[in-house]
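Engineer: Need a 3D model of the sequence below.
(one chain, ligands or ions: 1)
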Amino acid sequence: MAAPRVVVAESEKEVAEKLCAFVIEKANIALSEKGTFYVGVSGGSLPKFLCDGLPHLKTNWNKWKIFFCDERHVPYNDPECTYSIYKTNLVDKVSMLPDNIFPIDPNVSVEEAAMKYDDVIRKHFPGVDIPRFDLLLLGMGPDGHTCSLFPGHKLLQETEKIIAPISDSPKPPPARVTMTLPLINNCKFAVFTSCGAGKKEVIQQVLEGNEPDPLPAARVRPTNGELVWFLDKAAAQLLCKV
Ligand SMILES: O=C(O)[C@H](O)[C@@H](O)[C@H](O)[C@H](O)COP(=O)(O)O
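Structural biologist: Numbering: from 1, shown residues only. All right, here's what the predicted structure looks like:
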């Protein structure tokens with residue numbers, strides 16, 4: 001994999017603008033090439049960046065297929081539900097057809113929800129071992145986690161499954177469904193967005209460290225794809241090479 005591309009903007013507002021422009025550019029290229037755009041989105045602070053910026057930009061929303069890089073195993077009416085945040089603040093805003101966004105099923109066990117989600121994804125990528133998303137939009141926690149893959153967790157060693165349950169997430173809520181590294185690293189574009197001085201140390205560790213046991217975010221290295229980081233100046237302040 002080529003070195004990650006690091007885009008540093010002055011402010012969170014500018015990060016959001018650059019991120020959304022990038023997303024729409026990749027979406028419209030995918031739509032022109034194959035008529036569909038397969039994207040995975042994350043929770044945390046990312047929904048705000050995307051939901052504030054994307055609705056103003058031009059694309060054919062009903063050719064998008066939105067999946068979740070991870071999702072909390074909570075009812076849809078729970079404020080922690082990432083799907084509901086995107087449904088309310090993006091899907092409904094752009095009048096995207098609801099069957100273009102694919103939530104997990106919170107009404108079964110987290111193990112079953114993961115198996116069902118695996119099926120849902122594979123139905124869109126028939127005949128391949130590992131689906132290849134056009135774009136995965138990721139966040140990174142202050143501990144270097146991404147999706148619901150946490151430091152030291154056995155899920156980091158997963159080599160077969162593309163979707164897995166977790167019931168001991170150190171970031172609440174504890175039960176989640178997450179993409180695994182084999183799926184993440186098969187995408188065309190893996191894009192992180194991280195802002196704020198609180199992330200400056202872990203960003204330096206992930207982007208410029210050379211750890212024997214890399215943090216989860218440092219393990220995102222698309223095999224045949226590109227890695228891009230959108231950072232504000234506060235988050236990037238310890239980086240040497242930007
Ligand atoms: O649903 C989740 O909890 C997220 O997918 C999670 O992986 C998030 O991306 C990171 O925790 C970063 O969150 P912040 O950007 O809010 O720090």
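Engineer: residues contacting C51?
Structural biologist: By CB atoms under 8 Å, 6 or more residues apart in numbering, the contact set of C51 is I85, Y86, N89, L90, K93. C-beta coordinates here come from the backbone N, C-alpha and C atoms, glycine included.
Engineer: Please name the residues that touch P103.
Structural biologist: With CB under 8 Å, 6+ apart, P103 has these contacts: F68, E71, Y76, Y83, K87.
Engineer: pLDDT averaged over stretch 99-116 - what is it?
Structural biologist: Here stretch 99-116 scores 97 as its mean pLDDT.
Engineer: C-terminal to the longest helix seen in the chain, which secondary structure element comes first?
Structural biologist: For the chain, the longest helix by residue count, based on DSSP state H, is helix 12-34. Proceeding N to C from helix 12-34, the next assigned helix or strand is strand 37-41, under DSSP states H and E.
Engineer: list the buried ones in the helix or strand following that following strand?
Structural biologist: Remark: after strand 37-41, the chain's next helix or strand is helix 46-53, criterion DSSP H and E. Judged by neighbour count using 16 or more other CB atoms under 10 Å, the buried positions of helix 46-53 are L46, P47, F49, L50, C51, G53.
Engineer: Then stretch 123-138?
Structural biologist: The neighbour-count criterion (16+ other CB under 10 Å) identifies I130, P131, F133, D134, L135, L136, L137, L138 as the buried residues of stretch 123-138.
Engineer: How about stretch 103-122?
Structural biologist: For stretch 103-122, by 16+ other CB under 10 Å, it's P103, I104, D105, P106, V110, A113, A114, M115, Y117, D118, I121, R122.
Engineer: with these in mind, which one is nearest to D168?
Structural biologist: V110 (10.7 Å; CB to CB).
Engineer: which pair in the buried residues of stretch 103-122 spans the largest distance?
Structural biologist: Using CB to CB, those span at most 20.1 Å, a distance reached by P106 and R122.
Engineer: do stretch 96-108 and the ligand meet at all?
Structural biologist: No. Against the ligand, stretch 96-108 shows no contacts by CB under 6 Å from any ligand atom, the least distance being 11.6 Å.
Engineer: quick one: terminal-to-terminal distance for that stretch?
Structural biologist: 26 Å (CA to CA, to the nearest Å).
Engineer: Any stretches of the chain with poor pLDDT?
Structural biologist: Counting by pLDDT under 70, the chain shows low-confidence ranges at 1.
Engineer: any chance you could map the helices in it?
Structural biologist: So, for the chain - with DSSP H - the helices run 12-34, 46-53, 82-86, 110-124, 181-184, 200-208, 233-236.
Engineer: could I get these as JSON lines with distance to the ligand?
Structural biologist: Formatted as JSON lines, the helices of the chain follow (distance: least, CB to the nearest ligand atom, whole Å):
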{"stretch": "helix 12-34", "distance to the ligand": "11"}
{"stretch": "helix 46-53", "distance to the ligand": "6"}
{"stretch": "helix 82-86", "distance to the ligand": "5"}
{"stretch": "helix 110-124", "distance to the ligand": "14"}
{"stretch": "helix 181-184", "distance to the ligand": "12"}
{"stretch": "helix 200-208", "distance to the ligand": "10"}
{"stretch": "helix 233-236", "distance to the ligand": "10"}
